[in-house]
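Novice: Sequence and predicted structure are below.
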Amino acid sequence: MIPARAVFSGLQRRAFSATARDLSKVTVLGAAGGIGQPLSLLLKLNPRVTELALYDIRGAPGVAADISHINTNSSVKGYEANASGLASCLKGSDVVLIPAGVPRKPGMSRDDLFNTNASIVRDLAKACAESCPDANVLIISNPVNSTVPICAEVFKAHGVYNPKRLFGVTTLDVVRASRFVSEIKGSDPKDEKITVVGGHSGVTIVPLFSQSSHPDLTTNADLIKRVQFGGDEVVKAKDGAGSATLSMAMAGARMAESLIRASQGEKGVIEPSFVDSPLYKDQGVEFFASKVELGPSGIEKILPVGEVDAHEEKLLEACLGDLKKNIEKGVAFVASNPPK
Ligand SMILES: NC(=O)C1=CN([C@@H]2O[C@H](COP(=O)(O)OP(=O)(O)OC[C@H]3O[C@@H](n4cnc5c(N)ncnc54)[C@H](O)[C@@H]3O)[C@@H](O)[C@H]2O)C=CC1
Ligand SMILES: O=C([O-])CC(=O)C(=O)O
């Protein structure tokens with residue numbers, strides 16, 4: 001006779017495996033770039049990643065050969081830069097990270113990247129829709145406020161749009177916020193949980209210090225500006241050689257790891273992300289970054305913005321105006337330039 005406890009744990013196991021997909025194939029599109037290379041390195045060091053697939057219009061096989069010598073268990077493959085290489089790279093992917101596209105130079109806004117990056121993201125989104133429609137797609141390419149809606153429109157056109165599996169990566173904004181606060185307060189950044197909502201550029205980035213353990217920072221204009229324009233600091237310091245790559249790689253690897261943990265059944269995994277969100281749809285804003293609880297199906301729950309003070313209310317107003325325009329620009333681009 002089988003003891004009751006054994007039957008119960010067997011049932012539990014079946015229930016678990018019915019919901020939790022074993023996410024392990026992670027793909028990077030733009031893998032030979034400034035973000036792509038360190039991101040691929042961090043993913044190779046992550047024991048939860050069992051297969052790493054790398055694609056770029058140039059150099060992915062070389063990056064893959066290099067990384068593949070690292071003595072962790074995952075397999076690594078770099079694919080040829082053509083349509084069939086891209087399709088094979090994507091097939092069976094559980095998580096696809098997209099840092100493909102050009103970065104800023106000093107004096108440029110993220111929106112100045114639109115003309116180049118919109119079509120890159122559109123074409124890569126089409127490849128994802130065709131080869132891995134059920135993957136979690138994480139968009140890093142800027143302007144995120146527009147490239148995420150572009151990806152959504154392409155998926156809709158292919159009849160495979162699942163809003164629970166599309167993420168704009170805004171992790172770097174909370175990473176920066178916690179670091180900048182720790183510098184002011186002399187604390188450990190890992191203890192500084194700062195909520196950042198909105199979008200991923202300039203005034204659309206809204207830190208909510210009133211919700212942190214330092215509500216006094218809510219009127220610190222320099223700090224708010226630093227969080228909103230942290231990317232510019234790096235662009236300026238790199239002096240024409242691009243934008244944040246190493247900190248972004250860390251942030252992207254953290255987001256991918258969180259998704260994998262959640263997909264493997266871990267509860268309560270929460271990350272910020274720019275997603276198809278109900279929070280401000282009544283104001284015509286279809287996508288919004290806020291805390292998101294992750295699960296085996298991608299987004300489990302979009303958390304509300306929560307209480308904000310009068311100062312933050314003003315920041316949110318400015319955010320929503322810009323965000324709406326950025327989103328509409330992405331949607332209009334796909335309408336007039338559909339993928340071929
Ligand atoms: N979401 C965020 O928080 C952040 C986003 N970014 C954005 O990430 C993007 C990439 O930045 P970097 O890596 O510094 O640029 P990069 O120029 O160093 O690398 C981009 C890579 O994309 C590749 N690429 C271009 N077109 C492609 C295509 N059709 N298919 C596959 N690969 C393609 C290039 O060959 C290059 O290797 C930029 O748009 C940048 O603004 C950068 C930092 C933070
Ligand atoms: O500033 C940029 O262009 C790159 C970026 O998105 C960031 O560093 O947050």
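Specialist: Yep, that arrived. Small disclaimer: the values here were computed from a predicted structure and weren't measured. Ligands and ions are numbered 1, 2, ... in the order given.
Novice: Contacts only, for Cys128.
Specialist: For Cys128, the contact set (CB atoms under 8 Å, 6 or more residues apart in numbering) comprises 90, 93, 96, 135, 137, 151, 155. For glycine as for every other residue, the C-beta is placed from the backbone atoms N, C-alpha and C.
Novice: Which of the three states applies to it?
Specialist: Of the three states, Cys128 takes helix under DSSP: H, G, I helix; E, B strand; the rest coil.
Novice: what's the distance between it and Val305?
Specialist: According to CB to CB, to the nearest Å, Cys128 stands 29 Å off from Val305.
Novice: got it, and Val96?
Specialist: Distance from Val96 to Val305, by CB to CB: 28 Å.
Novice: who's more crowded, the two?
Specialist: Relative neighbour count places Val96 above the other of Val96 and Val305, with 27 against 18, counting by other CB atoms under 10 Å.
Novice: Backbone dihedrals for the more buried one, both of them.
Specialist: Dihedral pair for Val96: phi -120, psi 120, per degrees, to the nearest 10.
Novice: Which residue ranges of this protein form helices?
Specialist: Ranges of helices in the chain, per DSSP state H, are 4-19, 36-44, 60-67, 83-90, 114-131, 144-157, 171-185, 221-228, 230-238, 246-263, 310-336.
Novice: from those, which stretch is densest packed?
Specialist: Across the helices of the chain, averaging neighbours per residue (mean count of other CB atoms under 10 Å) puts helix 144-157 on top, at a mean of 26.
Novice: Now do it and helix 114-131, the angle between them.
Specialist: Interaxial angle, helix 144-157 versus helix 114-131 (axes from the mean of the first three to the mean of the last three CA atoms, to 10 degrees): 40 degrees.
Novice: What is helix 144-157 packed up against?
Specialist: Judged by 3 or more CB pairs under 8 Å, 6 or more residues apart in numbering; DSSP states H and E, helix 144-157 is in contact with helix 114-131, strand 136-139, strand 166-168, strand 269-276, strand 287-295, helix 310-336.
Novice: Show the average pLDDT along it.
Specialist: The average pLDDT within helix 144-157 is 98.
Novice: Send me that helix as PDB with only the CA atoms.
Specialist: Presented in PDB, the C-alpha positions along helix 144-157 are these (Å, rounded to 0.1, in the frame of the first residue of the first chain):
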ATOM      1  CA  VAL A 144      11.700  51.000 -25.300                       C
ATOM      2  CA  ASN A 145       8.500  53.200 -25.000                       C
ATOM      3  CA  SER A 146       8.000  52.600 -28.800                       C
ATOM      4  CA  THR A 147       9.800  49.400 -29.600                       C
ATOM      5  CA  VAL A 148       7.600  47.300 -27.200                       C
ATOM      6  CA  PRO A 149       4.400  48.600 -28.900                       C
ATOM      7  CA  ILE A 150       6.000  47.800 -32.200                       C
ATOM      8  CA  CYS A 151       6.600  44.200 -31.200                       C
ATOM      9  CA  ALA A 152       3.000  43.900 -29.900                       C
ATOM     10  CA  GLU A 153       1.700  45.100 -33.200                       C
ATOM     11  CA  VAL A 154       3.700  42.600 -35.200                       C
ATOM     12  CA  PHE A 155       2.600  39.800 -32.900                       C
ATOM     13  CA  LYS A 156      -1.000  41.000 -33.400                       C
ATOM     14  CA  ALA A 157      -0.600  41.000 -37.200                       C
END
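Novice: Residues of the stretch 1-150 of the chain that sit close to ligand 1?
Specialist: 29-30, 32-36, 55-58, 99-104, 113, 117, 120, 124, 140-142, 144 (CB under 6 Å from any ligand atom).
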